[in-house]
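> Here is my input, please return the structure:
(chains A, B, C and D)
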Amino acid sequence: MIALQETKEINTASIIDSVKSDYCGAIDVFIGTVRDNLVGKKVTKLFFEAYETMAVSELQKIADTVKEKFKADKVSIVHAVGDCEVGEIAVVIAVSTPHRKASFEACEYAIDTLKETVPIWKREYFEDGSHWVFSHP
Amino acid sequence: MIALQETKEINTASIIDSVKSDYCGAIDVFIGTVRDNLVGKKVTKLFFEAYETMAVSELQKIADTVKEKFKADKVSIVHAVGDCEVGEIAVVIAVSTPHRKASFEACEYAIDTLKETVPIWKREYFEDGSHWVFSHP
Amino acid sequence: MKILLFGITKDIIGSSTLDYTVDQTDLTSESLLELLKEKYPELSKLRSIALAVNGEHANGTEVISDKDEVALIPPMSGG
Amino acid sequence: MKILLFGITKDIIGSSTLDYTVDQTDLTSESLLELLKEKYPELSKLRSIALAVNGEHANGTEVISDKDEVALIPPMSGG
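Next up is the predicted model:
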């Protein structure tokens, strides 16, 4: 499953179900959630904007690479778009592999790559303002 | 949450909920499931036996170490006891940490250590017999 | 051609798309990006700025025509 | 004292617990394990065999009395 969804629609259990595989003994799941602080400033919410068609195709590329590079059977990645309150889910990545070590490596590779290649932008809201992340040099 | 449960009682979603933390941005979840083959022989089911009081205390030690060593906020580990069919869950480990890298390291440390220190024994059933894992030198 | 804008580039340019007419046959994505940076100097102050062409990260050599879907890609921050 | 048996050790000894009377005051967990291995040579053929004393992995130096909870720990295979 590769998708962009409102955070409230993200169903972790069904994402995990989507990678179950009888020949895989390991599933690793990474869940990124909204933290309530960032460098001391209190975050009230995040807003995610995506270049949706390209984001989906970049997520699919990551899934394909993970299958090839780490012998994963199934890979699901769902990223939030729109508002995300503190504690809500920003991203879920689930990977099934025959053995456990590869599941961790695959999931970590997927989230690291997502941050570098997937056109999604995060705006942080504080009590006294907001800004796009990385908008300053 | 530290527990031994029948596999059918293991609720991954509630285990994940149990580690949510507003100051943590990362949750890693490892799910070990029963594979349908092992070195070519078709596994029909597993049976897990535990020295229950000691298993729970060793799981708790792992959780405590993970909190200290990887700055995890919350750690849950639930291991199956009794019969486990192919595709069913043998173990779920969930860890929340402020940042993502530590969540992977913590979860991998937890499953690696569990296999070495927690008194749980797995019996594999094949179509033509069964044996305790590692029972031969 | 409409150039798609996201995140901080929408704020800099003040719109969610930017009209641009390609008036040369050999305009590369690298040249287009340079032209946009000249027109909107604030883009150069970002940690990074790049183009996507037809939904793929541009490598600079793509030749751009009015039929292409082009997007400005400021520093990504998903996850 | 009842020694708790699990996994393959139950099959080897043919029971889920083993009665054992401690008849010396300085019996260490290491000595007890040696005595059990002598009595049940099959234990030595396992990849590993150890004791737990009062729910903790024994390090060999624990002095065992009839009040202790002792368990034979064959190779673990959780996860």
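
> Show me what secondary structure element comes after the helix ranked longest in chain C.
Secondary structure of chain C read by DSSP state H shows that its longest helix is helix C:29-39. Counting by DSSP states H and E, the element after helix C:29-39 in chain order, helix or strand, is strand C:50-53.

> next structured bit after that next one?
As assigned by DSSP H and E, the chain's next helix or strand after strand C:50-53 is strand C:56-57.

> Packing partners of the helix or strand following that next one?
Once the chain leaves strand C:56-57, the next helix or strand it forms, by DSSP H and E, is strand C:70-73. If you count contacts as 3 or more Cβ pairs under 8 Å, 6 or more residues apart in numbering or on different chains; DSSP states H and E, strand C:70-73 packs onto strand C:2-4, helix C:29-39, strand C:50-53. Every residue, glycine included, has its C-beta placed from N, CA and C.

> ok, 7 Å please
Here strand C:70-73 touches strand C:2-4, strand C:50-53, going by 3 or more Cβ pairs under 7 Å, 6 or more residues apart in numbering or on different chains; DSSP states H and E.

> Quick check: which element contains the closest residue to residue A:44 other than its chain neighbours?
In this structure, residue A:44 finds its nearest non-sequential neighbour in residue A:125, 4.9 Å apart by Cβ to Cβ, 6 or more residues apart in numbering or on different chains. Assigned by DSSP H and E, residue A:125 belongs to strand A:120-126.

> residues near residue C:31, how many?
14 (other Cβ atoms under 10 Å in any protein chain shown).

> And it, what's its pLDDT?
According to the prediction, residue C:31 has pLDDT 97.

> Just the pLDDT for the closest residue to residue C:27 other than its chain neighbours.
Nearest non-adjacent residue to residue C:27, counting by Cβ to Cβ, 6+ apart: residue C:64, 4.8 Å away. For residue C:64, the pLDDT comes out at 96.

> swap in residue C:28?
Listed pLDDT for residue C:28 reads 97.

> need the contact list for it.
For residue C:28, the contact set (Cβ atoms under 7 Å, 6 or more residues apart in numbering or on different chains) comprises C:60-64.

> okay, those in CSV with distance to residue D:46 and neighbour count next?
Output for those, formatted as CSV (distance: Cβ to Cβ, whole Å; neighbours: other Cβ atoms under 10 Å in any protein chain shown):
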residue, distance to residue D:46, neighbour count
C:60, 63, 13
C:61, 64, 8
C:62, 64, 19
C:63, 70, 15
C:64, 70, 25
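
> Residue A:77 - how many residues pack around it?
27.

> now do residue C:24
Residues near residue C:24, counting by other Cβ under 10 Å: 10.

> name the element it belongs to?
Under DSSP H and E, no helix or strand contains residue C:24.

> From residue B:45, how far out is the residue nearest to residue C:27?
Distance of residue C:64 to residue B:45, computed by Cβ to Cβ, to the nearest Å: 60 Å.

> how close does residue A:69 get to residue A:75?
Noted for residue A:69: a distance of 11 Å to residue A:75, by Cβ to Cβ.

> Looking at those two, which is more packed in?
Using other Cβ under 10 Å as the criterion, residue A:69 and residue A:75 rank with residue A:75 on top: 26 against 12.

> can you tell me which residues contact that one?
A:19, A:63, A:66-67, A:95 are the contacts of residue A:75 under Cβ under 7 Å, 6+ apart.

> Output the helix or strand harbouring it as CSV, nothing but the C-alphas.
Using DSSP H and E, residue A:75 sits within strand A:74-80. Presented in CSV, the C-alpha positions along strand A:74-80 are these (Å, rounded to 0.1, in the frame of the first residue of the first chain):
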residue,chain,number,x,y,z
LYS,A,74,5.9,-6.5,0.9
VAL,A,75,6.4,-2.8,1.6
SER,A,76,3.7,-0.3,2.5
ILE,A,77,4.3,3.4,3.0
VAL,A,78,1.6,5.9,4.0
HIS,A,79,2.3,9.6,4.6
ALA,A,80,0.0,12.2,6.0
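
> Contacts only, for residue A:108.
Applying Cβ under 7 Å, 6+ apart, the residues contacting residue A:108 are residue B:104.

> and it, what pLDDT?
For residue A:108, the model assigns a pLDDT of 98.

> next one: phi and psi at it?
Main-chain dihedrals, residue A:108, degrees, to the nearest 10: phi -70, psi -40.

> gap between it and residue A:70?
10 Å.

> Helix, strand or coil: sort out residue C:18 for me.
strand (DSSP: H, G, I helix; E, B strand; the rest coil).
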